[in-house]
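A.B. asks: only geometry, no sequence info:
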């Protein structure tokens, strides 16, 4: 069953004096993604792959085109349905250092999604958080530290644990390991692959490194100038 | 006699959290015109090593050991002698180019300044040389009046290379010249540096975590882990059949080699693990590895490995089968 | 660059318009009936109702507020700030007559503060945690904490009264300028020293200073060509802003030394309840201040290449 | 202010309990229902007060930052001085030997003596008592003005920085207009027209000082907004109000607290200046600025009339500047030196 269907998605940025210069960041992109599969998105920097990722999630409002999630058109969603969408579609960013609120302890970072969506009560929250941090092979002791005390690899794991709390069906991974070293990158990517097998999560995996994308993805789309120019 | 020979170099910093031993007991040699890649992950002390060679570290540093450059110990030089040597005999390309250039001076001025300061030539001549150097690194000389913020990451990196090689130094230290660049720009910068270094017959110390770049342009390679050199040797051999378990892990972690991950992360520098520092994460670790701190063993083919497993075999490829646990 | 300046000038017009609204409406917020207050000031205590009505008619205070505002604003556009309600001499003339005194004091104090603060700030940053640095930090903290009116009184007590060397009031020759400039200049120097020091420390930590050292440049050229130029940018902007404040008349210092500047004119007009003069002064000062902050921004753009206004970002 | 205080509790498993002994345990109350706008403002204000107090106290007790704060000797001196001044203000009646307003014409202009530690003024009033009572006025104005302006300024800064658009444009033009006057001029005009008196001075200074916070907070919000953790919160589809409260506000608190401390010093000098010009606190209330003004005619014959009030202003302002610098270093919020 196709989990996600994107039809002719466009995202234009207009700038200049009378909005004349138009930057066609995403210029008519269509693809489909099965449940539990990974679509790789590779391209030079500035080809629009990050913008595409955010527009699919509706973090950026699309200029045109439709996105179907589980055969439901998501552009029209408001209020309660939109909030529910937040538990099903999630994103991992490129810079782990900036992905967590520096003033919140790691415990609160992981517990926050649970609290926002009211997924579990006070008592259950603690056990759930311990379970989640264990799931990404991090020591419980880190729960009371602040993000500035953790390394890039550890922070990215906290981000993953945080998202897993919502049991998402689809995750956009926007160059999650480009800032990390080889060994740490391997740890994170194997973790993501294991999660896909265990929980059937589908990924839109974005990177400028073709070798990494090949290893991670079932199908790869090559992007250039806001368009997908090749599928393999 | 080698161009640069580092002997028992110890670099440590006095910090609030105690003594951070960034480099311990480092022995390294670079011959004239040779390209040596110093490979290691972020925070293993390789940048500290690069900056230590030119004594560019902060005031709370303690450096012991000897750094012989053409026979002269750099640690013994006076401040002024050292100042004259920097840029002239040893050039350096620092890590993030967007921060390493003065934002309010045009790149032409910053380049010409090097010539005026070292060779004392006039304003006009310095600018001529600056223009030439920019052309050499593939930047249109007419852009020399522009400012750093008007250049892309890749172009800024070229400016840094121009600054490093301006006075044709005998040794160029390049610290992570390809970090943060996308694939195509990374390739161009790697070719640019290795081409220019060959053309000027100067040696290159390439400090990087990027194994592909190292494999492509290095003659010899040295691998650093937690402030120690764990393996050195000819680059081609190290990449085709690595000896030290850490080097193996690094290569196996590449996507082309199956992206196999080794658990855990780099140890603390304040109180590093006893014995071999990699033992907590090593697939072949034994009890003795936890107790004895292995020394750098000389193996066949100019290979050196800091690992007890090779005491018996003497050959880098063979790992004694009883030791292979997992 | 030019459409940026045009945009800024438009903005200034909006701000000035806002300022006129604020000053005009402030008159109506004040307690008491303006006509009565003006009549009181003009004819003294025993005044009859007719006199108040005559003033109301003469000053056009009887027409609805917005009409009064529009007529006043229309006059202002024609650079006619109207007449002083009490002494009925032309307001703009009065202001322009007082401007040189304020400008003199402002420039002298700014100059004094910069020649003290820049060397002190730079030196104490270069020799951080040395005796000089600690002394600098402490005195500048003290300088910021001493209210300049108390400093003024102290200087008068010392130089004018105890050992009568300098006049404590009056205007005209250089002697009179010394004490007010000392008062204003030193307290400004304290703030500027702290800014210069922290800006210099910030710059010395930057990567491009290490890179310059790595290229074998000597410490002196690193200091002057690289560090100083970057460190002084915020200091110059701040000095420009301070000049803006001073053109508004160092109100208190002018009052202590009865210095015939804009600040004193404003204070006296407030006490005299001379609304027209108050409005005129405030409007003039606001225009002066806005233009000087625009000049500061342009100066900053000229000095710092990173700021380019032609791009619409 | 609503009784809801913003503090967080982490129930601990036994294993990690002993690790927490060093830290105070903070209780976080769960919040389900969304807020109405009116309650929202009250809520944010309550949080701000809670946060400022929490920040201050939290800072004082949080291990790492306490060490840095304690290391900075000047800052500790500042806090001690503030405590001393607060003590003077609270226990003025006990501390001052005489009634500050009681006039003894026959004892006028006496120098410092045992009976009158700071001597007497031209009307024979005890200067020491008046200076002590003056602390109440100055600290009162300082704290009141800064509390009001920091809350209003920060609120406007967050809303205009986060929302942007027309609201942002209007707020920033308002800031430009207020800042178009050198702030002493505007305060003068307002105080002059409204007449003197404690609350007029507080109002005048509040109307001129709020933009300082708005401009600082708005700049921070603009850069915070682009950070990944705010975009991540939006990806969680959390409400804007939640994001502003939970992610934007805590990251601005540090610089607001530092700015607030330095601003108290600034406001105290301003208030004294207004009184010095005769537009601040009216006679005969004991206020340092007006005491200075009264002392001018006797500058030569009785300098102690002007020496002691001026000294008190300096000490108070110095105390807050020390504390402000100390807070800035240990919170490393990079607010730079405020004018």
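C.D. replies: Looks like it came in fine. As the structure is a prediction and not an experimental result, all values here were calculated from the model.

A.B. asks: which residues touch residue 172?
C.D. replies: Went with chain A since none was named. Residue A:172 makes contact with A:53-54, A:56-57, A:89-92, A:203-204, A:206 under the criterion C-beta atoms under 8 Å, 6 or more residues apart in numbering or on different chains. Heads up, the C-betas are built off the backbone N, CA and C, glycines and all.

A.B. asks: I was after chain D.
C.D. replies: Applying C-beta under 8 Å, 6+ apart, the residues near residue D:172 are D:160, D:218.

A.B. asks: Skip ahead from the helix or strand hosting it and say which helix or strand is next.
C.D. replies: Secondary structure from DSSP states H and E places residue D:172 in helix D:165-180. Going down the chain from helix D:165-180, the next helix or strand is helix D:183-194, by DSSP H and E.

A.B. asks: Report the secondary structure state of residue B:308.
C.D. replies: Assigned with DSSP: H, G, I helix; E, B strand; the rest coil, residue B:308 falls in the coil class.

A.B. asks: Can you give me the neighbour number for residue 145?
C.D. replies: Defaulting to chain A. Neighbours of residue A:145 under the rule other C-beta atoms under 10 Å in any protein chain shown: 15.

A.B. asks: my bad, the chain I had in mind was chain C
C.D. replies: Residues lying near residue C:145 (other C-beta under 10 Å) number 22.

A.B. asks: In stretch A:70-86, which residues are buried?
C.D. replies: A:74, A:77, A:83, A:85-86 (16 or more other C-beta atoms under 10 Å in any protein chain shown).

A.B. asks: near chain D, which of the contacts of residue A:172 show up?
C.D. replies: A:57, A:89-91 (C-beta under 8 Å from any C-beta of the partner chain).

A.B. asks: Sitting in strands, which of those do you find?
C.D. replies: Residues of those located in strands (DSSP state E): A:89-91.

A.B. asks: Got the domain ranges for chain A?
C.D. replies: According to automatic domain parsing, chain A comprises the domains A:1-88+A:168-232, A:98-167.

A.B. asks: now these in CSV, with distance to residue D:92 and mean pLDDT?
C.D. replies: As requested, the domains of chain A are exported to CSV (distance: least, C-beta to C-beta, whole Å; pLDDT from 0 to 100):
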stretch, distance to residue D:92, mean pLDDT
domain A:1-88+A:168-232, 55, 89
domain A:98-167, 39, 92
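
A.B. asks: Low-confidence regions, the stretch 51-200 of chain C specifically.
C.D. replies: Along the stretch 51-200 of chain C, the model assigns pLDDT under 70 to no residue.

A.B. asks: near chain D, which residues of it?
C.D. replies: Counting by C-beta under 8 Å from any C-beta, the stretch 51-200 of chain C sits next to chain D at C:141-142, C:144-147, C:149-150, C:153-154, C:156-157, C:161-162, C:191, C:194-195, C:198-199.

A.B. asks: Find me the pLDDT at residue B:6, would you?
C.D. replies: Residue B:6 is assigned 93 on the pLDDT scale.

A.B. asks: Secondary structure class of it, three-state.
C.D. replies: Classification of residue B:6 using three-state DSSP returns strand.

A.B. asks: count of neighbours near it?
C.D. replies: By other C-beta under 10 Å, 22 other residues sit near residue B:6.

A.B. asks: Go ahead and confirm it touches residue B:28.
C.D. replies: Yes. With contact defined as C-beta atoms under 8 Å, residue B:6 and residue B:28 form a contacting pair (4.5 Å).

A.B. asks: between the buried residues of stretch A:70-86, which is closest to chain D?
C.D. replies: Chain D lies nearest to residue A:86 out of these, by C-beta to the nearest C-beta, at 3.1 Å.

A.B. asks: check contacts around that closest one.
C.D. replies: Residues in contact with residue A:86 (C-beta under 8 Å, 6+ apart) are A:116-117, A:166, D:235-238.

A.B. asks: so it sits in a helix?
C.D. replies: Yes. Counting by three-state DSSP, residue A:86 is located in a helix.

A.B. asks: And the nearest residue to residue C:235 once chain neighbours are set aside, its phi and psi?
C.D. replies: Nearest residue to residue C:235, sequence neighbours excluded (C-beta to C-beta, 6 or more residues apart in numbering or on different chains): residue C:196, at 5.1 Å. The phi/psi pair for residue C:196 (degrees, to the nearest 10) reads phi -60, psi -40.

A.B. asks: how far away is whichever residue of the stretch 151-300 of chain D sits closest to chain A from chain C?
C.D. replies: Going by C-beta to the nearest C-beta, chain A is nearest to residue D:237 of the stretch 151-300 of chain D, at 3.1 Å. To chain C, residue D:237 is 29 Å away according to C-beta to the nearest C-beta, to the nearest Å.

A.B. asks: now swap in residue B:42 and tell me
C.D. replies: Computed as C-beta to the nearest C-beta, the residue B:42 to chain C distance reads 17 Å.

A.B. asks: quick one: contacts for that residue?
C.D. replies: Residue B:42 neighbours (C-beta under 8 Å, 6+ apart): A:152, A:181, B:209.

A.B. asks: distance of residue B:49 from residue B:189?
C.D. replies: Residue B:49 is 21 Å from residue B:189, where distance means C-beta to C-beta, to the nearest Å.

A.B. asks: hmm, back to that, out of the contacts of residue A:86, list just those in strands.
C.D. replies: Going by DSSP E, the strands hold none of those.

A.B. asks: picking that back up, quick check, nearest of the ones in strands among the ones next to chain D among the contacts of residue A:172 to chain C?
C.D. replies: Comparing those against chain C with C-beta to the nearest C-beta places residue A:91 closest, at 25.8 Å.

A.B. asks: Which of the helices or strands spans the closest residue to the closest one other than its chain neighbours?
C.D. replies: With sequence-adjacent residues excluded and distances taken as C-beta to C-beta, 6+ apart, residue A:91 is closest to residue A:172, at 4.5 Å. If you go by DSSP H and E, residue A:172 is part of strand A:170-174.

A.B. asks: Tell me the strands beside that strand, with direction?
C.D. replies: Using DSSP bridges, strand A:170-174 pairs in its sheet with strand A:89-92 (parallel), strand A:202-207 (parallel).

A.B. asks: At which residues are the helices of the chain located?
C.D. replies: Chain wasn't specified; assuming chain A. A:49-56, A:79-88, A:106-116, A:122-135, A:152-164, A:182-199, A:210-216 (DSSP state H).

A.B. asks: Correction: the question concerned chain B.
C.D. replies: Assigned by DSSP H, the helices in chain B fall at B:46-53, B:79-85, B:107-119, B:123-136, B:153-165, B:183-200, B:211-217, B:235-240, B:245-252, B:287-291, B:310-313.

A.B. asks: quick one: contacts of the first one?
C.D. replies: By C-beta under 8 Å, 6+ apart, the list of residues contacting helix B:46-53 from outside reads B:4, B:6, B:9, B:11, B:22-23, B:26, B:38-40, B:57, B:61, B:63, B:67, B:74, B:90, B:92, B:95, B:173, B:175-176, B:205, B:207, B:224.

A.B. asks: from the chain's centre, how far out does it sit?
C.D. replies: Helix B:46-53 has its C-alpha centroid displaced from the chain centroid by 7 Å (C-alpha atoms, centre = their mean, to the nearest Å).
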